[in-house]
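> Give me a 3D structure for the following:
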Amino acid sequence: MSMEKFSFLVSEEEAGRPLKKVIRKKFHFSSRLMTKIKYQDLITLNGKTVPGWAEARVGDQVSISLPEEVSGFPPEDIPIRVLYEDEDLLFIDKQAGVTVHPTHGHPDHTIANGLMKYMADTGQSFKIRFVNRLDMDTSGVLVCAKNSHAQAELNKQMAANQTEKHYQAFLSGIIPGTLPEEASWAVTYADSGTFTVKAPIGLPGDGFIGRAVVPIEDGGQESITIGKVLERFPAADACLVELSLLTGRTHQIRVHMSYCGHPLLGDALYGGPTDRIARQALHACSFSCLHPVTGAPLSVSSPLPDDLQRLLEELRH
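Residues are numbered from 1 along each chain as shown. Purely as a prediction, here's the structure:
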């Protein structure tokens, strides 16, 4: 894939100023990215390479190429289902049972390995930068930035709560229900189907491999989950909810729902029943943001995968 260019015609206001200052203000490039652009001579003025301190006249055309970077993971035949793709972003419909990125416990057979083969198959080359992370057994929308600028801009949006991440989860029990006494302070019901969970999450420090609700003074981080009941299944003592995150803590949905007495079906780590499904019944159904380059609204969604669709039909009948 050729390096993407950011181009513009110099205005009266921009004329006579060092190009590096104009570029930084115009595109909000990070200092790290600007340094790479400088040392790799990636600025052109009317088609000729120029240094960052060069100045331009009104009407001159300036173009910036982003550095070409690659990842070094071994390619593997891991299915990559594309939901949306352009020169800056790749949205993947992640399958359950596959780790996103190589780790000490899962050094291969990951989405990153599958992406290396996908790039070879499609004639592309970019460094893999995941914007959001999904647990191995969580399915749904996974976002990959193709360059550092796209990643940095989406990270800024997430930090400012300008992105929207929605999940669908199948929970044990019916909401609203009787809350565990210790969780009553953390949950607010707006009506019979809408609720908010506000409880800090951190490492429990007792050898448990997951996360837990931990007081701020003991290292917990503020965590807020907003939920809406989509469907109730009284005969199965379960419900389907849609959840959105105002924060992005590890295992946030799983911890909050378990703390409220409604663990996810299939989530053995957090006390969920496993008789109906063998993995946590959690699906990242949509991700909405502003495009990091064009600024246009972008929303990508994923339907329930086959195993959760079968679970839904089973709970209904």
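> The residue with the largest distance to the centre of the chain - nearest residue in space that isn't next to it in sequence?
The outermost residue of the chain relative to its centre, with distances by CA atoms, centre = their mean, is residue 57 at 41.1 Å. With sequence-adjacent residues excluded and distances taken as CB to CB, 6 or more residues apart in numbering, residue 57 is closest to residue 15, at 5.6 Å. For the C-beta atoms, the positions are set from N, CA and C on the backbone; glycine is no exception.
> Phi, psi for residue 175 please.
Phi and psi for residue 175, reported as degrees, to the nearest 10, are phi -100, psi 130.
> going forward, begin numbering at 42 instead of 1
Sure thing, new numbering starts at 42, so read that last one as residue 216.
> Could you give the backbone dihedrals for the residue nearest the centre of the chain?
Centroid-nearest residue in the chain: residue 173, 2.2 Å away (criterion: CA atoms, centre = their mean). With angles defined as degrees, to the nearest 10, residue 173 sits at phi -120, psi 160.
> Nearest residue to it in space, please, no chain neighbours.
Residue 173's closest residue in space is residue 184 (CB to CB, 6+ apart), at 5.1 Å.
> cool, and residue 131?
Of all residues not flanking residue 131 in the chain, residue 185 sits nearest, at 4.4 Å (CB to CB, 6+ apart).
> if I look at the one you found, how far off is residue 290?
Using CB to CB, to the nearest Å, one gets 21 Å for the distance from residue 185 to residue 290.
> Compare neighbour counts for those two and give me the winner.
Neighbour comparison, residue 185 and residue 290: the larger count goes to residue 185, with 23 against 19 (by other CB atoms under 10 Å).
> does that one belong to a helix or a strand, and which?
Taking DSSP states H and E as the criterion, residue 185 maps to strand 180-186.
> List the buried residues in whichever helix or strand comes after that strand.
Using DSSP H and E, the next helix or strand after strand 180-186 towards the C-terminus is helix 189-200. Under the neighbour-count criterion of 16 or more other CB atoms under 10 Å, helix 189-200 has 189-196, 198-199 buried.
> Which residues does helix 189-200 contact?
68-71, 73-74, 107-108, 110, 129-130, 168, 170, 172-173, 184, 186, 203-204, 289, 330-331, 333-334 (CB atoms under 8 Å, 6 or more residues apart in numbering).
> Now do that helix against strand 180-186, angle only.
130 degrees (axes from the mean of the first three to the mean of the last three CA atoms, to 10 degrees).
> The helix or strand following helix 189-200 packs against which elements?
Under the assignment DSSP H and E, the closest C-terminal helix or strand after helix 189-200 is strand 205-213. Strand 205-213 makes packing contacts with strand 279-286, helix 293-300, strand 323-331, helix 347-357 when contacts are defined by 3 or more CB pairs under 8 Å, 6 or more residues apart in numbering; DSSP states H and E.
> Let me know which of these is the nearest to residue 273.
strand 279-286 (4.7 Å; CB to CB).
> Could you list the low-confidence segments of the stretch 142-291 of the chain?
Applying pLDDT under 70 to the stretch 142-291 of the chain picks out residues 233.
> how about the residue farthest from the centre of the chain, phi and psi?
According to degrees, to the nearest 10, residue 98 has phi -100, psi 170.
> I figured it was touching residue 51, is that so?
Yes - counting by CB atoms under 8 Å, residue 98 touches residue 51, with 6.6 Å between them.
> Can you show me the helices along this structure?
Counting by DSSP state H, the segments of the chain that form helices are 60-68, 72-80, 152-163, 189-200, 293-300, 347-357.
> deepest of these, which one?
Across those, averaging neighbours per residue (mean count of other CB atoms under 10 Å) puts helix 293-300 on top, at a mean of 25.
> what is the orientation angle of it with strand 323-331?
130 degrees.
> Helix 293-300 versus strand 279-286: what angle between them?
Inter-element angle recorded for helix 293-300 and strand 279-286: 130 degrees (by the same axes, to 10 degrees).
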